[in-house]
Structure formats: structure tokens, C-alpha cells
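> Fold the following for me, if possible:
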Amino acid sequence: MQAYILINCNTGSETTLISELKELPEIIEINGVWGKYDVFIKISTPDPNGVEQIIKRLRNHPDVVDTYTMHVLYGQGGTIDNE
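Here you go, the predicted structure:
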């Protein structure tokens, strides 16, 4: 299962949050971003419930204000190498 998650966090906590989230093995990409959201992550997990577990963990983090999750639809797109 793969998903993209956009995160709003407390102002000024972006760098610390990104450093902490880098330790989670399910996160395969993480970036600070400008705009409506503060942090963008891509997760991948073999466990069907893994995405839900990561979201619960994120939403319980004291610096995370809000999340928006987009589950990947398999068979529609992919990386340039896989198309």
C-alpha cells in the first residue's frame, strides 16, 4: 500500500517534525513544502492496515495539526520507469 500524506504542523516545528519522521521506515520520501501544507510524505507498507497505523501515529504527534491522505490507485500511472 502506498499513500501521499500532506501535513499541517505547528509554526516553526517543521524541521524537527521532518527529522523525527525520517526515522519511520514506512516513509520513503519526505519534504517541507510551501503553501497550504507544511510537510509532504510518501509512505509504502506491505501491511493493508499500515497506512491507517501511520496516519494514527501522525495525528497523535503533538506538532501535527492536520493531515490529508491520498491513497495510491494501482494501475493508474506510476513512475516514468513503470509506465
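> got the buried residues for the longest helix anywhere in the chain?
The longest helix of the chain (DSSP state H) is helix 50-59. Using 16 or more other CB atoms under 10 Å as the test for burial, helix 50-59 gives 50, 51, 54, 58. The way it works is simple: take the backbone N, C-alpha and C, and place the C-beta from them, glycine included.
> so how far is residue 19 from residue 63?
To residue 19, residue 63 is 11 Å away according to CB to CB, to the nearest Å.
> if we can go back for a sec, CA atoms only: put the longest helix of the chain into PDB for me.
Provided in PDB are the C-alpha atoms of helix 50-59 (Å, rounded to 0.1, in the frame of the first residue of the first chain):
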ATOM      1  CA  GLY A  50      -0.200   0.100   7.600                       C
ATOM      2  CA  VAL A  51      -1.400   3.400   6.100                       C
ATOM      3  CA  GLU A  52      -4.000   3.700   8.800                       C
ATOM      4  CA  GLN A  53      -1.400   3.000  11.500                       C
ATOM      5  CA  ILE A  54       0.900   5.600  10.200                       C
ATOM      6  CA  ILE A  55      -1.900   8.200  10.000                       C
ATOM      7  CA  LYS A  56      -2.900   7.500  13.600                       C
ATOM      8  CA  ARG A  57       0.700   7.900  14.700                       C
ATOM      9  CA  LEU A  58       1.000  11.200  12.800                       C
ATOM     10  CA  ARG A  59      -2.300  12.600  14.100                       C
END
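> Which strands and helices lie in contact with the helix or strand bottoming out on mean pLDDT in the chain?
Least confident element among the helices and strands of the chain, by mean pLDDT, DSSP states H and E: helix 50-59 (a mean of 94). Packed against helix 50-59 by the contact rule (3 or more CB pairs under 8 Å, 6 or more residues apart in numbering; DSSP states H and E) you find strand 2-9, strand 39-44, strand 64-71.
> export those strands to JSON lines and tack on mean neighbour count, distance to residue 77 and mean pLDDT?
Listed next are these as JSON lines, based on neighbours: other CB atoms under 10 Å; distance: least, CB to CB, whole Å; pLDDT from 0 to 100:
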{"stretch": "strand 2-9", "mean neighbour count": "19", "distance to residue 77": "11", "mean pLDDT": "96"}
{"stretch": "strand 39-44", "mean neighbour count": "19", "distance to residue 77": "14", "mean pLDDT": "97"}
{"stretch": "strand 64-71", "mean neighbour count": "14", "distance to residue 77": "12", "mean pLDDT": "96"}
